[in-house]
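**Student:** Generate coordinates for the sequence data below:
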Amino acid sequence: MFIPKTIIEPFRIKSVEPIRMTDVATREGVLARAWYNVFQIRAQDVLIDLLTDSGTSAMSSEQWAGVMRGDESYAGAASYYRFRDVVEALTGFRHIIPTHQGRAAEKILFSIVAGPGKVVAGNTHFDTTRANIEFTGAEAVDLVIDEGRDPRSSHPFKGNLDPAKLVALINRVGARSIPLCIVTITNNSGGGQPVSLANVREVREICKKHGILFFLDACRFAENAYLVKCREPGLASRTVEQIAQEMFSLADGATFSAKKDGLANIGGFLAVNDDAMAAQARNLLILTEGFPTYGGMAGRDLDAIAIGLREVLDEDYLRYRIRSVAYLGEGIAAAGVPIVTPPGGHAVYIDCRAMLPHIPPASLPGQALVCELYRFGGIRGVEIGTLMFGRRDPASGEETVGAQDLVRLAIPRRVYTQSHIDYCIEIIAEVNRNKDGLRGLRIVEQPPFLRHFTAKLAPLP
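**Tutor:** Next comes the predicted model:
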């Protein structure tokens, strides 16, 4: 059977946004003024923006039509009920609580269940999840399988939570100290790697046995379900929607950022089955987000999410999406760039410790690469490593390093064409050829939480 090699986007473009072309000299000045923190760079100064896939999707014509239908009534808006009905049908959860984005759902959830002396288990907690857990005084513990920490491993489900590590944690701290276990699908901090359905079942059974709540961080549920369909034995004949529905059915609840697989620019939800927890969550929602039928979102955004949650399950779209990410990974790997393999669902992750062995982790090799990709080619990626997950001891001033030093190149959904990705491959390959000239950075100033967003940095001599 003939299968074309060329990736064809399963959509037509009917609205375009110009990209401002810049040169190296201009970008060097921009980078210096931003204190070598690409979060501080204006979007208009970026050529190809791979900082995140969160909230950066191009919405469809149907979603824009839904925006025009948005009901902005303060309470009981029709948009809410359209949103709620779609989420209930997909997830099966009894209580759907809208929030303005995923981290707001995390804030509410961990305000209820976490606190001093508590431990929250997960495969690999992402930055906002970890921050919201630690803000309550609880401890966030990563229990990803060993293969998930090995960039070269070809394990098909490197996002899996290790059941043996979970049992060991329970035995060490006691089940009463673990209010919740949360599995992120796909595992963003671990290279965008999927979690198998079998692993979700096994973790669920352990949690159920010990009376621990089991939640999903489901912001990339559709990409995870598609990779399960492709990689997990015996599931090829099932639809992506069926796989996703079974995953949700195994959980007690979920947090969700609609800025990813909701194909929307803002929004999210907290979903739970427990009536008492739902009541607590809604009370906190009213304090921090808004009335329970809008939860910090405009009605038009609720409609856009409802439509996006249906569109994201289209398997033609998912085939294109996953293949596009793999295309970028294969292209830079062929040029000798070490990446986390196999490529994940939403992004390609460069292994900076392997690429830049002359820059020690304490000197932020990931951030050094992020800065060079922007300086040389106008590409904005993000460091996921020592800058994001390391920390400074407030007493001694000593810095700890991250478990890995990666650079994530997250591809916005339905935004860039194959020629944009080809440009990225060329730029990254050229940077790799000249990598020996790169130098590390030092932290000049940092906040106590989520330091990578606002930290000021300077090049080392």
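
**Student:** all strands in the stretch 151-300 of the chain, in order from the N-terminus.
**Tutor:** Using DSSP state E, counting those that start in this stretch, the strands of the stretch 151-300 of the chain run over residues 180-184, 213-217, 253-257, 268-272.

**Student:** May I have the strands that pair with the second one, each with its orientation?
**Tutor:** It refers to strand 213-217. Paired with strand 213-217 in the same sheet, following DSSP bridges, are strand 180-184 (parallel), strand 253-257 (parallel).

**Student:** Correct me if wrong: residue 268 contacts residue 259.
**Tutor:** Yes. The pair formed by residue 268 and residue 259 meets the contact definition of CB atoms under 8 Å, at 7.2 Å. Placement of C-beta: from N, CA and C, glycine included.

**Student:** more neighbours, these two?
**Tutor:** Neighbours were tallied for residue 268 and for residue 259 using other CB atoms under 10 Å; the higher tally belongs to residue 268 (28 against 25).

**Student:** residues touching the more buried one, list them.
**Tutor:** For residue 268, the contact set (CB atoms under 8 Å, 6 or more residues apart in numbering) comprises 98-102, 104-105, 219, 255-259, 262.

**Student:** What does the pLDDT read for residue 273?
**Tutor:** Residue 273 is assigned 97 on the pLDDT scale.

**Student:** cool, the one 4 residues further on as well?
**Tutor:** Predicted confidence (pLDDT) for residue 277: 96.

**Student:** List the buried residues of stretch 242-260.
**Tutor:** By neighbour count with 16 or more other CB atoms under 10 Å, stretch 242-260 contains the buried residues 243-248, 250-260.

**Student:** likewise stretch 152-171?
**Tutor:** By 16+ other CB under 10 Å, the buried positions in stretch 152-171 come out as 153, 155-162, 165-166, 169-170.

**Student:** what sits up against it?
**Tutor:** Residues outside stretch 152-171 that contact it (CB under 8 Å, 6+ apart): 119, 121-124, 141, 143-148, 150, 178, 181, 183-187, 190-191, 193-196, 199, 202-203, 206, 210, 212, 224, 227, 231-232, 340-342.

**Student:** what residues go with each domain of this protein?
**Tutor:** Domains of the chain are assigned by automatic domain parsing as 24-53+314-459, 61-311.

**Student:** Same list, the strands paired with strand 213-217, but as TSV with distance to residue 437 and mean pLDDT please.
**Tutor:** TSV is the format used below for those (distance: least, CB to CB, whole Å; pLDDT from 0 to 100):
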stretch	distance to residue 437	mean pLDDT
strand 180-184	36	96
strand 253-257	38	96
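
**Student:** quick one on the thing from earlier: intersection of neighbour lists for residue 268 and residue 259?
**Tutor:** With CB under 8 Å, 6+ apart, residue 268 and residue 259 have common neighbours 101, 102, 219.

**Student:** any chance of these in CSV, plus neighbour count, distance to residue 277 and pLDDT?
**Tutor:** Below are the shared contacts of residue 268 and residue 259 laid out as CSV (neighbours: other CB atoms under 10 Å; distance: CB to CB, whole Å; pLDDT from 0 to 100):
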residue, neighbour count, distance to residue 277, pLDDT
101, 23, 20, 93
102, 26, 18, 92
219, 29, 20, 92
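
**Student:** taking the residues you listed one by one, which sit in helices?
**Tutor:** The helices in this structure, assigned by DSSP state H, contain residue 102 from the shared contacts of residue 268 and residue 259.

**Student:** right, and the strands paired with strand 213-217 - which one's nearest residue 443?
**Tutor:** Of all those, it is strand 180-184 that lies closest to residue 443, at 26.7 Å by CB to CB.

**Student:** ok now the closest one, how far from the chain's centre?
**Tutor:** Centre-to-centre, strand 180-184 and its host chain are 14 Å apart (CA atoms, centre = their mean, to the nearest Å).

**Student:** outside of it, which residues touch it?
**Tutor:** Strand 180-184 is touched from outside by 109, 113-114, 120-126, 129, 159, 161, 166, 195, 199-200, 203, 207, 212-217, 255, with contacts defined as CB under 8 Å, 6+ apart.

**Student:** what do you get for stretch 37-46?
**Tutor:** Residues external to stretch 37-46 that are found in contact with it (CB under 8 Å, 6+ apart): 20, 22, 26-27, 30-31, 34, 49, 51, 370-371, 374, 378-382, 452-457.

**Student:** Same check on stretch 86-98?
**Tutor:** Residues from elsewhere that reach stretch 86-98 (CB under 8 Å, 6+ apart): 80, 83-84, 105, 108, 218, 241, 244-245, 248-249, 253-254, 267-275, 277-278, 281-282, 285, 289, 292-297, 302, 305-306, 309-310.
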